[in-house]
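Visitor: Okay, here's the prediction I keep looking at, along with the sequence it came from:
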Amino acid sequence: MLKGKCPKCGKVYYGWALKAPRNQFCNICGLGLEITDDSGETITGYSPFDAMEYKVPDTDKTRKSQKT
């Protein structure tokens, strides 16, 4: 069985639902859980709050097309 523990607040989650990315973050803190399986292997879960920010590059061509 999978066990997920929040590195910030210490809340513990159990179950196979931790395999899905939508269940791999703490409901209280929003951080990715430290998920451990039966073999002892640990991974850091996905958190939408830790995702990289996506930005569109600002170029002169983009600004000129918006002015017209």
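Guide: That came through fine.
Visitor: wait, residue 33 sits on residue 21?
Guide: No: the criterion here is C-beta atoms under 8 Å, and residue 33 misses it with residue 21 at 10.9 Å. Backbone N, C-alpha and C define where each C-beta goes, glycine included.
Visitor: Overlap in contacts, these two.
Guide: Shared contacts of residue 33 and residue 21, defined by C-beta atoms under 8 Å, 6 or more residues apart in numbering, comprise residue 45.
Visitor: So if I had to pick from these two, which one is more boxed in?
Guide: The residue with more neighbours, out of residue 33 and residue 21, is residue 33; 25 against 12, by other C-beta atoms under 10 Å.
Visitor: Tell me how many other residues surround the closest residue in space to the more buried one that isn't next to it in sequence.
Guide: Closest residue to residue 33 apart from its sequence neighbours, by C-beta to C-beta, 6 or more residues apart in numbering: residue 4 at 3.5 Å. Here the number of neighbours of residue 4 (other C-beta under 10 Å) works out to 24.
Visitor: Please verify my assumption that residue 4 contacts residue 13.
Guide: Yes: if you go by C-beta under 8 Å, residue 4 and residue 13 touch, sitting 4.2 Å apart.
Visitor: Can you pull the residues that touch both of those two?
Guide: Joint contacts of residue 4 and residue 13 (C-beta under 8 Å, 6+ apart) are residue 33.
Visitor: got a list of what residue 45 touches?
Guide: Taking C-beta under 8 Å, 6+ apart as the test, what residue 45 contacts is 4, 18, 21, 24-25, 32-35.
Visitor: let's go with 10 Å and repeat that
Guide: Each residue near residue 45 by C-beta atoms under 10 Å, 6 or more residues apart in numbering is listed here: 2, 4-6, 13, 18-21, 23-26, 31-35.
Visitor: Now a PyMOL select for only the buried ones of these.
Guide: A single PyMOL command selects the buried members of those (16 or more other C-beta atoms under 10 Å):
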select buried, resi 2+4+5+6+13+18+23+24+25+26+31+32+33+35
